[in-house]
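>>> Sharing a model prediction with you, sequence too.
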Amino acid sequence: MSGNPIERRLRGWLDAWPVYRQLTGPDRLGRGAAAQSPRSAALRPHTDTPGPPARSVCPYCAVGCAQLVYADAGRAVQIEGDPDSPVSRGRLCPKGSASLQLVTGPQREQEVRYRAPYATEWADLPLDTAMDMIADRVLDARRRGWQDTDDQGNVLRRTTGLAGLGGATTDNEENYLFKKLWTALGAVQIENQARI
């Protein structure tokens, strides 16, 4: 075809039409390049990231299914089961398969939110301020519930103002540290979700 704009436009339209590419090209059955649009040819898989995937563990239950987290430009783009895991062998339940939404979902809060007593609105707080508030409240609850001795003079050295409840996704090492922390604070009500 010559340089006629109408002919060039017609040729562009025909080349974009899969049936024309199938009939005039080498892919007569339409199972390969003839069926592929320029848009789909330019697409790449989510797992085609610059670096290797990070290994992680699903956060939902105590099974501990291993995950591969693919990131691009510092943002998770795909999370899938790790086939090298002896626990899950690359399989994830529906919740585990949707973990990407937990990380990147629009409903995920990115700031520390605080609603003061009797307030009707939430406010943003700096992380350092929130951590100081938590530490102050833990120490205050420990002090107010502290018991040095009982009525008969027996040494107790404990607090009833604190209780610890661990999650089912924590491993043995984390549970060990959790128990040490709460015991050091003097708490006696220490439990784990996995045992309840």
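The structure has been received and is ready for your questions.
>>> Could you count how many residues lie near L177?
Close neighbours of L177, defined as other CB atoms under 10 Å, add up to 11. For glycine as for every other residue, the C-beta is placed from the backbone atoms N, C-alpha and C.
>>> For T170, see how far away it is.
Applying CB to CB, to the nearest Å, the value for L177 to T170 is 9 Å.
>>> what's the answer for A163, then?
Plainly put, A163 is 16 Å away from T170 if you go by CB to CB.
>>> Same drill for the two, tell me which one is more crowded.
Neighbours per residue, other CB under 10 Å: of A163 and T170, the larger number sits with T170, 17 against 14.
>>> Can you name the element that comes right after the longest strand belonging to the chain?
When the chain is parsed with DSSP state E, its longest strand is strand 155-166. Later in the chain than strand 155-166, the nearest helix or strand by DSSP states H and E is helix 172-185.
>>> immediately after that following helix, which helix or strand?
Proceeding N to C from helix 172-185, the next assigned helix or strand is strand 187-192, under DSSP H and E.
>>> between that next one and strand 155-166, how big is the angle?
For strand 187-192 against strand 155-166, the angle by axes from the mean of the first three to the mean of the last three CA atoms, to 10 degrees is 20 degrees.
>>> So for strand 187-192, what gets flagged as buried?
187, 190, 192 (16 or more other CB atoms under 10 Å).
>>> could these go into JSON lines alongside pLDDT?
Below are those laid out as JSON lines (pLDDT from 0 to 100):
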{"residue": "A187", "pLDDT": "93"}
{"residue": "I190", "pLDDT": "89"}
{"residue": "N192", "pLDDT": "80"}
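>>> Just send those residues back as a markdown table, with distance to R142 too.
A markdown table is the format used below for those (distance: CB to CB, whole Å):
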| residue | distance to R142 |
| --- | --- |
| A187 | 8 |
| I190 | 14 |
| N192 | 21 |
